[in-house]
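> Kindly generate the corresponding structure for this input.
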Amino acid sequence: MSEWVINREEILAAVDKLGLIPSRPGISSSEYICIKPRKSSIQMLLASEVSGYAIAKGKGNWIFDKPIYIDRRLFDPFISAARNIKSKSDFHFIKSGKTELTIINGTRKSKMTCSEPKHGYEDIGKTNGHEVKTEKELNTMLIAAKHCAEQETAVPELGCVYAKRSGKYVVLYATTGLLLFKARIKSKLHLKESIPFPLYIIDLLSNDKLVGVEATKKEVVLDFGNSKIWQTITVQAKKKFPYKQIDKQMQKQAKTAKLSYSIESKLLGQVVDRLIGYLSSVRRLDWTLVQKEKKDSKYLDLIVPLGHTTFKDKVRVLHKVHKDFEISWPLDRIVGIIDTLASKKEKVDIYFDKENRAYLKTKNLELLISRKVN
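Residues are numbered from 1 along each chain as shown. A predicted model of the protein is given here:
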């Protein structure tokens with residue numbers, strides 16, 4: 001009977017990273033962890049819409065000569081339970097028979113049967129991009145832009161945040177058709193060519209264990225030290241994303257839309273956060289923000305209507321409102337952008353065009369919202 005010992009914190013950290021890869025019923029590579037032998041460590045792989053691996057170092061040589069496949073629905077809970085017990089014991093992995101893995105942690109013991117070989121796992125190996133350390137501003141803006149991207153898979157070319165290099169800046173684009181987003185951020189991220197950031201990988205950018213980001217021709221790779229997670233770039237988005245049309249539309253808005261009011265993003269963010277606090281039991285799709293005011297007013301009414309209930313607040317504008325208006329915005333989509341702008345404490349100018357669309361502009365961000373103005 002052979003044995004391999006690993007530090008408690010080492011295996012917990014590895015399982016945490018693998019937990020970022022979602023389990024999808026029917027996709028065996030997302031439900032079974034492939035454990036591959038290395039000299040004094042193991043490589044654990046999973047794959048669904050994103051792929052990834054975690055490397056965990058132990059004492060001695062791993063106990064199986066070939067890859068084994070373990071049900072993550074049993075493996076993960078047993079490992080993670082170590083956080084909730086007083087014992088700080090290491091984990092002992094024991095090979096008991098050709099197809100059985102016994103795991104001992106203190107007084108706890110689990111015997112798991114290795115599954116038949118599965119398919120669909122990837123090992124990204126060495127990549128040809130240039131990894132940069134995590135850049136908070138870029139990551140934050142990518143997360144905000146994601147809410148302006150198309151979430152439905154029926155339109156794959158819009159299901160991304162499109163990034164292209166422009167001098168010292170990375171320019172980000174996103175659109176649902178009704179929402180058009182464009183922002184530029186100073187970044188060292190190396191882009192040989194424009195790439196569409198897949199939406200699921202963007203969600204992982206806020207993880208505090210993230211070390212670096214790398215963009216290759218085929219995928220976006222996130223580095224977590226002893227772990228990596230990546231997602232393949234969609235070919236349709238790479239070829240068909242309408243960034244040129246967004247550029248053209250934003251240029252038109254900058255020339256023709258009329259300024260209605262200007263506001264401090266921090267004040268707007270504070271009031272919107274307060275209104276959202278009332279909506280904890282309301283599904284996000286029903287979140288609507290109505291803005292309403294009369295010409296020459298120094299305040300802006302912010303209203304969230306919910307059937308028989310209405311929440312209302314006010315926020316001061318920088319100058320008098322230029323015209324009477326009432327406009328409805330999809331709050332669930334733009335709240336992330338409002339929060340991002342609030343953190344920057346920038347001034348936001350809001351314009352309306354002849355087609356009753358709202359055009360928001362700051363120093364480095366533009367947002368066009370197709371909603372009727374009454």
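
> which intervals of the stretch 1-150 of the chain have sub-threshold pLDDT?
For the stretch 1-150 of the chain, applying pLDDT under 70 flags the ranges 1, 128-129.

> rerun at 90
By pLDDT under 90, the weakly predicted segments of the stretch 1-150 of the chain are 1-3, 38-40, 60-61, 86-87, 96-99, 117, 122-135, 147, 150.

> Looks to me like S29 is in a helix.
Yes. Assigned with DSSP: H, G, I helix; E, B strand; the rest coil, S29 falls within a helix.

> That one contacts S115, doesn't it?
No. With contact defined as C-beta atoms under 8 Å, S29 does not count as touching S115 (11.5 Å). For the C-beta atoms, the positions are set from N, CA and C on the backbone; glycine is no exception.

> okay, these two: which has more neighbours?
Regarding S29 and S115, a neighbour count based on other C-beta atoms under 10 Å identifies S29 as having more, with 20 against 16.

> Can you tell me the element the closest residue to that one other than its chain neighbours falls in?
Leaving aside its chain neighbours, S29 sits nearest to G120 (3.4 Å; criterion: C-beta to C-beta, 6 or more residues apart in numbering). Under the criterion DSSP states H and E, no helix or strand holds G120.

> Please report the distance of G120 from F75.
The gap separating G120 from F75 is 18 Å, by C-beta to C-beta, to the nearest Å.

> So which of the two has more stuff around it?
Under the neighbour definition other C-beta under 10 Å, G120 and F75 were set side by side, and F75 has more, 20 against 15.

> Quick check: the more buried one vs L18, distance?
Applying C-beta to C-beta, the value for F75 to L18 is 9 Å.

> list the residues that contact both of these two?
Taking C-beta atoms under 8 Å, 6 or more residues apart in numbering as the criterion, F75 and L18 both touch I33.

> Mind pulling the model confidence for the closest residue to L142 other than its chain neighbours?
The shortest distance from L142 to any non-neighbouring residue, by C-beta to C-beta, 6+ apart, is to I202 (5.1 Å). For I202, the pLDDT comes out at 93.

> did I read that right, I202 in a strand?
No. Using three-state DSSP, the assignment for I202 is helix, not a strand.

> was I right about I85 contacting R8?
No. Between I85 and R8 there is no contact, the gap being 10.2 Å when judged by C-beta under 8 Å.

> of the two, who's got more company?
A side-by-side neighbour count of I85 and R8, using other C-beta under 10 Å, places R8 first with 17 against 12.

> what's the distance between the more buried one and P37?
Applying C-beta to C-beta, the value for R8 to P37 is 21 Å.

> what's the answer for K109, then?
23 Å.

> tally of neighbours for D296?
By other C-beta under 10 Å, 11 other residues sit near D296.

> just L178 next, same as before
Neighbours around L178, by other C-beta under 10 Å: 14.

> leaving aside the residues next to it on the chain, what's closest to it?
If the residues on either side of it in the chain are set aside, L178 comes closest to S370, at 4.5 Å by C-beta to C-beta, 6+ apart.

> Pull the contacting residues for that neighbour.
By C-beta under 8 Å, 6+ apart, the residues touching S370 are G177, L178, L179, E355, R357.

> Just the buried ones from those residues?
L179, R357 (16 or more other C-beta atoms under 10 Å).

> Make CSV out of the contacts of S370 and add pLDDT and distance to K164.
Formatted as CSV, the contacts of S370 follow (pLDDT from 0 to 100; distance: C-beta to C-beta, whole Å):
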residue, pLDDT, distance to K164
G177, 83, 20
L178, 84, 23
L179, 91, 19
E355, 81, 27
R357, 86, 24
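
> Tell me where the model's unsure across the stretch 151-300 of the chain.
151-157, 176-178, 189-193, 203, 206, 208, 215-219, 234-236, 277-288, 290-295.

> what about the strands in it?
Assigned by DSSP state E, counting those that start in this stretch, the strands in the stretch 151-300 of the chain fall at 160-166, 169-175, 179-186, 195-198, 212-215, 219-223, 227-232, 258-264, 288-293, 299-306.

> Each with direction, which strands does the fifth one pair with?
Just to be clear, that refers to strand 212-215. strand 132-133 (antiparallel), strand 219-223 (antiparallel) (DSSP bridges).

> now for the ones you listed, which one comes closest to F93?
Of all the strands paired with strand 212-215, strand 219-223 sits nearest to F93, with 26.2 Å by C-beta to C-beta.

> Put the alpha carbons of that closest one into PDB.
C-alpha atoms of strand 219-223 as PDB (Å, rounded to 0.1, in the frame of the first residue of the first chain):
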ATOM      1  CA  GLU A 219      -7.700  32.200 -25.600                       C
ATOM      2  CA  VAL A 220      -7.600  34.400 -22.500                       C
ATOM      3  CA  VAL A 221      -5.500  32.900 -19.700                       C
ATOM      4  CA  LEU A 222      -5.800  33.800 -16.000                       C
ATOM      5  CA  ASP A 223      -2.800  33.000 -13.800                       C
END
